[in-house]
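Enquirer: Give the three-dimensional model of this entry:
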Amino acid sequence: DVGNPQTVGVGRGRFTTYEIRVKTNLPIFKLKESTVRRRYSDFEWLRNELERESKVVVPPLPGKALLRQLPFRGDDGIFDDSFIEERKQALEQFINKVAGHPLAQNERCLHMFLQDEVIDKNYTPSKIRHT
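Expert: Residues are numbered from 1 along each chain as shown. Prediction:
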């Protein structure tokens, strides 16, 4: 599940994070249940890593919403509740497609994204082996 969006920061440092809750019975995952917070740029990182490191055809992310970032729109732009809800649903569809893919499940980047508190972006890409 992707849910519980929270917007933090001010001005240019403002961003929204989403809670990602995982429940799985797949033996390849070290934790059967986990909850982490991720922002849109973390989803971009995951998508780029999967495209570079795996044979998986990675689904697209919801767009960057550049028009929503223009000033003087009369709404909260990318921090508008309806936009955050749409993005949350699209991110959930994305992560469910990726996490459900048998080849993606072997990628260390997916495991870090779903289960590690902090993503080590300096990690060494590798496959996860069944234990």
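Enquirer: CA atoms for contacts and neighbours, from now on please.
Expert: Fine.
Enquirer: so is the residue nearest to the spatial centre of the chain in a helix, a strand, or just coil?
Expert: Centroid check for the chain by CA atoms, centre = their mean gives F43 as the closest residue, at 3.4 Å. Here F43 is recorded as helix under DSSP: H, G, I helix; E, B strand; the rest coil.
Enquirer: quick one: contacts for it?
Expert: Contacts here follow CA atoms under 8 Å, 6 or more residues apart in numbering; on that basis F43 touches L61, L91.
Enquirer: now T16
Expert: P5, Q6, T7, V8, R39, Y40, F79.
Enquirer: Recalculate using a threshold of 7 Å.
Expert: Contacts for T16 (CA atoms under 7 Å, 6 or more residues apart in numbering) come out as P5, Q6, T7, V8, R39.
Enquirer: Where does it sit, in terms of helix or strand?
Expert: strand 15-23 (DSSP states H and E).
Enquirer: Also P5?
Expert: Here P5 sits within strand 2-8, counting by DSSP H and E.
Enquirer: What are the contacting residues of the longest helix seen in the chain?
Expert: As assigned by DSSP state H, the longest helix anywhere in the chain is helix 81-99. Residues outside helix 81-99 that contact it (CA under 7 Å, 6+ apart): D1, V2, G3, V58, P59, L61, P62, I78, A104, Q105.
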